[in-house]
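Trainee: Starting from these lines, generate the structure:
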Amino acid sequence: QVQLVESGGGLVQPGGSLRLSCAASGRTFSNDAMGWFRQGPGKERDIVAHIVWSGRDTYTYYADSVKGRFTISRDNAKNTVYLQMNSLKPEDTAVYYCNTHPPRHLWGQGTQVTVSS
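Mentor: Below is the predicted model:
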C-alpha cells in the first residue's frame, strides 16, 4: 500500500524559510512526476510545484505565486521529495501535501505551514 508522509512544516515569520520532506513508501516513484500541493484556509487544494525525472534530465514546474522562492527536488534513492521554501509570505500559509502529478494515491495528512509575525 502506497503511503505518503509529509514533514517539516511549522510556524515561521514572513521572510523565513522551511524545508518540507515527503517520504514515499509502498512502491518506487522514480519514474513518476511528483508534486507538492497546498490547501489554504477556505481554499481548494492547488499544485505548487512538480518535478519529473526522465532518467537523464530533471524538469521542474512552479506555480507563478511561488516561482523564484520555492525549489522542488527529489532523491530517488530515498524515494523522497523535498520543497525548499524561502522568502515565505503570509499567503503561503496552508497545509502542504505531496502526491504524484496528477494525483493518483490517497493523500497523506500533510504538514501545516503557518507564516505569521
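
Trainee: quick one, phi psi at the closest residue to residue 111 other than its chain neighbours?
Mentor: In space, residue 111 comes closest to residue 9 once its chain neighbours are excluded; the distance is 3.4 Å by C-beta to C-beta, 6 or more residues apart in numbering. C-beta here means a position set from N, CA and C on the backbone, and glycine is covered the same way. Backbone torsions for residue 9, taken as degrees, to the nearest 10, come to phi -70, psi 180.

Trainee: just the one 4 residues further on next, same as before
Mentor: Summarising the backbone geometry of residue 13 under the convention degrees, to the nearest 10, its torsions are phi -80, psi 160.

Trainee: Would you agree the residue nearest to residue 111 is in contact with residue 98?
Mentor: No: counting by C-beta atoms under 8 Å, residue 9 sits too far from residue 98 to count as a contact (11.9 Å).

Trainee: Between the two, which has more neighbouring residues?
Mentor: Taking neighbours as other C-beta atoms under 10 Å, residue 9 and residue 98 compare with residue 98 leading, 32 against 19.

Trainee: returning to that earlier point: what residues do residue 9 and residue 98 have in common as contacts?
Mentor: Shared contacts of residue 9 and residue 98 (C-beta atoms under 8 Å, 6 or more residues apart in numbering): residue 20.
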